[in-house]
Structures are given as structure tokens and as C-alpha cells.
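Novice: Give the three-dimensional model of this entry:
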Amino acid sequence: MTAIQAVYVRGHEERPDPKPHIVYRIEIQAHVRSWQMWRRYSEFVELQTELTKSTGSSPPAALPPKNSLAILRGPFRDSSSMTEERRAGLETYLRAIISAKDDRWRECYAFRDFLGVPVGRQGTMAEGSTSTKQFSSSSWLDEHLELQAKIRDIRADINKRDALSDRGDVSASHTANVQAKKKLAEALSRVRTLKQGLQELGMAAMAQGELQRRTDMVARLQDDCEKLGKMVTVTRQAPRPAAAPSSQGFTNVAIAPESDRAALLSLSKPVTRVFGAKKPQETEVTRPLDDQGLVQLQNTQLEQQDSQLASLTHILQRQRHLGEAIGAELAVHNELLDELNNDVDRVGGKLISAKKQLNRLG
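Specialist: This next block holds a predicted model:
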């Protein structure tokens with residue numbers, strides 16, 4: 001559902017139709033929008049019944065009790081303190097559902113419908129589902145923000161997996177990797193749905209500049225998912241005994257023992273590498289690596305450079321398209337200016353002719 005940040009019950013109104021009753025104003029705030037709903041106390045009671053029936057347990061907070069003397073006092077004879085007490089109780093009830101660790105109540109359709117969550121964002125897509133959701137402009141941005149948070153969660157799971165692998169906890173590391181894969185599969189499905197929703201918004205006369213900006217946002221999400229897909233398929237090997245500490249940030253790097261280095265380079269020579277006429281300087285990253293590790297380090301850096309070049313290429317292509325569009329627009333404006341200049345000359349000639357005729361008449 002839409003990522004709701006806060007819920008308030010701000011006030012109430014007395015309404016006479018269909019019979020005298022009190023309605024409470026509920027204000028809902030999400031990432032990029034806010035709205036309000038008007039609900040009666042009886043609708044809160046119906047929501048409580050539906051949530052209990054759907055989830056099998058009552059929500060984390062109870063509704064404020066119904067005033068048993070309301071019938072004797074009349075519908076609008078409750079004191080202001082009693083009304084304020086009920087308003088505060090209703091706000092506590094809704095906030096408890098929003099902030100609960102267990103999301104089964106707030107994910108229930110009855111609760112989403114009660115708060116008037118936009119149709120395009122009612123519920124997250126089930127895994128493997130191919131149904132297309134209808135997005136509004138604001139709900140599309142809500143979904144994008146949630147996907148960014150999901151990608152951060154996946155990265156956190158991968159980091160947790162690597163940390164557990166370094167400690168030798170293979171079982172927990174595997175569990176964290178499985179969780180990351182599941183979240184990534186869900187994220188990929190939602191990114192595809194987000195892309196389809198953007199195409200529909202584009203057909204609904206969205207501004208070209210905003211459409212291009214959101215297209216770039218989707219492209220960045222797809223790039224992040226692709227990188228995460230590579231990361232979840234690579235597991236970090238536990239370090240071998242008697243080996244130097246591994247270089248932080250690289251996986252599957254075999255580290256050569258010092259004895260192998262001494263046998264290879266002989267003790268009479270310093271432990272350095274010579275790749276050309278000028279001797280390169282060892283760094284903290286390259287010092288513990290053997291030849292295979294250096295090759296993998298070089299390949300990793302090349303992949304990073306390729307990725308950066310691909311991003312730069314995309315930016316340059318975008319700039320070229322903008323330049324071409326600006327050039328076409330300027331050409332149209334030049335044509336319009338030429339036509340305007342011709343019209344001015346034509347009107348000027350007519351004015352001169354009219355002036356001559358007036359002089360003759362005078």
C-alpha cells in the first residue's frame with residue numbers, strides 16, 4: 001500500500017442527514033501527497049469487526065467505548081470533553097495499526113479502503129503476479145520511493161551475508177543470501193510494473209519532460225537491480241588458514257602465503273612486482289594479493305569503468321537528444337520570425353500606400 005507516514009484525527013463535524021450524527025476528519029500523510037477522509041464512529045466499529053474477522057485477531061489498540069447514555073442525552077448533547085476524548089481514542093487506534101510491527105491489519109483491504117488509499121497503490125504485487133496496476137502520478141512516485149527502500153534492504157542483506165561468511169557461519173550466510181534473492185525477485189517484478197504504469201501515464205498526456213525524467217528513474221532502478229543480481233550470485237569464500245587478511249570489498253580472492261612469494265621471487269630480491277620500465281608501488285589493496293587476485297582486481301576495476309562509461313554514454317545520448325530537440329524548436333521559431341517579418345513588411349507597404357492616398361486627398 002501507499003507508504004503512510006502519519007495519520008491524524010484532527011476534528012469533527014455535526015451533520016443532520018440522513019439523521020443527526022457526528023463525523024470525524026481523518027488526515028493521512030504519505031511521501032508525496034496527503035488527503036483526508038470523513039468517517040462516523042459506526043464505520044470505525046465496522047472496520048474493527050472486519051479486521052478481526054479477516055486477520056483472526058483484534059488490532060493492537062482498542063476502540064474508545066461507545067457512550068451508553070447517548071440515547072438519553074440526544075445525538076448532539078455530549079459534552080465537548082467526551083467528543084474530544086473519543087477523537088483522541090480513534091487517533092490512537094489508527095496510529096497503533098500504522099506503527100505495528102505486524103502488518104496484517106494495515107495490509108487488509110478493509111483498512112486500505114477505510115483510509116481511501118489510491119486505487120493504483122492498494123497492496124504490493126504478489127510474487128509472480130502479472131496483473132497491471134493503475135497508477136496516478138503521485139502513487140507512481142510512492143512506488144518508486146518504496147522500491148528504493150527495497151533496494152537498500154537488499155544491499156543490507158548482502159552485506160550481512162558477507163559478514164556472516166567472513167565469520168564462518170555458512171548456514172546464516174546462506175539464509176541471508178536466500179532472503180536477498182527473494183527480495184530482488186519481488187523488486188524486479190515491481191520495477192516492471194512501474195515501467196508499465198509509466199507508459200500508461202505517458203499515454204494519459206503527461207508532460208514530455210516529466211515523462212523523460214521518470215524514464216531515467218526507472219532505468220536507474222533497473223541498473224541497480226542488475227548489479228544486485230550479480231552480487232547475490234557471488235558468494236565470498238572463507239579465508240584460508242595461514243593467509244593474510246583479504247582485501248575488503250572483493251570476493252573470491254585467493255591470497256598467496258609469504259612462503260610462496262619467497263620461493264617464487266627468491267629471498268635475495270625485494271617483494272615487488274615489475275610490469276614495465278617503471279616499477280609500480282605496492283598498495284594496501286594489492287599487497288596481499290597473488291597473480292590471480294590481481295587479475296580479478298583488474299577485471300573488477302574494468303567492469304566499474306565500463307559501467308561508468310555506459311552511464312556517461314547514456315547521459316551524452318540524452319544531451320544529444322535534448323540538443324536536437326532544441327535545434328528543431330529553434331528552426332520552427334526562425335520560420336515563425338521570418339513569417340512575422342514578411343507580415344510586417346507587407347503591412348508597412350500598405351501603410352505607406354494609404355499615407356500617400358491621404359496626402360493626395362488632403
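Novice: mind showing which ranges of the stretch 201-350 of the chain have poor pLDDT?
Specialist: Residue ranges of the stretch 201-350 of the chain with pLDDT under 70: 205, 235-280.
Novice: how about the strands of it, start to end?
Specialist: For the stretch 201-350 of the chain, applying DSSP state E, counting those that start in this stretch gives no strands.
Novice: And for Gln148, nearest residue in space, chain neighbours not counted?
Specialist: Nearest non-adjacent residue to Gln148, counting by CB to CB, 6 or more residues apart in numbering: Leu221, 7.5 Å away. (C-beta placed from N, C-alpha, C; glycine too.)
Novice: For the one you found, the count of nearby residues, please.
Specialist: 21 (other CB atoms under 10 Å).
Novice: what's the answer for Ile352, then?
Specialist: 10.
Novice: Quick one: residues contacting it.
Specialist: Under the criterion of CB atoms under 8 Å, 6 or more residues apart in numbering, Ile352 has no neighbours.
Novice: Got the confidence number for it?
Specialist: pLDDT recorded at Ile352 is 92.
Novice: my guess is Gln29 is in a strand, correct?
Specialist: Yes. Per DSSP: H, G, I helix; E, B strand; the rest coil, Gln29 lies within a strand segment.
Novice: In this structure it contacts Ile4, no?
Specialist: Yes. Assessed by CB atoms under 8 Å, Gln29 is found in contact with Ile4 at 7.1 Å.
Novice: I figured the residue nearest to Gln148 was touching Leu145, is that so?
Specialist: No. Between Leu221 and Leu145 there is no contact under CB under 8 Å: 11.0 Å.
Novice: Show me whatever sits in contact with both of the two.
Specialist: In contact with both Leu221 and Leu145: no residue, using CB under 8 Å, 6+ apart.
Novice: residue closest to the middle of the chain?
Specialist: For the chain, the residue nearest the mean C-alpha position is Leu145 (2.5 Å; CA atoms, centre = their mean).
Novice: Relative to Leu194, how far out is that residue?
Specialist: Distance of Leu145 to Leu194, given as CB to CB, to the nearest Å: 11 Å.
Novice: What of Thr175?
Specialist: Counting by CB to CB - Thr175 and Leu194 are separated by 29 Å.
Novice: between those two, who's got more neighbours?
Specialist: The neighbour comparison of Thr175 against Leu194 (other CB under 10 Å) goes to Leu194, with 21 against 15.
Novice: So which elements touch the helix or strand hosting Ala88?
Specialist: In this assignment (DSSP states H and E), Ala88 forms part of helix 80-99. If contacts are counted by 3 or more CB pairs under 8 Å, 6 or more residues apart in numbering; DSSP states H and E, helix 80-99 sits against strand 4-15, strand 21-30, helix 41-55.
Novice: could I have the helix or strand following it exported to CSV, CA atoms only?
Specialist: Downstream of helix 80-99, the next assigned helix or strand under DSSP H and E is helix 109-115. Output of helix 109-115 as CSV, limited to C-alpha atoms (Å, rounded to 0.1, in the frame of the first residue of the first chain):
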residue,chain,number,x,y,z
TYR,A,109,-8.2,-4.4,2.1
ALA,A,110,-10.8,-3.1,4.6
PHE,A,111,-8.2,-0.9,6.3
ARG,A,112,-6.9,0.5,2.9
ASP,A,113,-10.5,1.2,1.8
PHE,A,114,-11.3,2.9,5.1
LEU,A,115,-8.4,5.3,4.7
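Novice: helices or strands up against the next helix or strand after helix 109-115?
Specialist: Counting by DSSP H and E, the element after helix 109-115 in chain order, helix or strand, is helix 137-166. Packed against helix 137-166 by the contact rule (3+ CB pairs under 8 Å, 6+ apart) you find helix 170-203, helix 208-232.
Novice: in helix 137-166, what's buried?
Specialist: 138-144, 146-147, 150-151, 154, 157-158, 160-162, 164-166 (16 or more other CB atoms under 10 Å).
Novice: State the mean pLDDT of that helix.
Specialist: Rounded mean pLDDT across helix 137-166 is 87.
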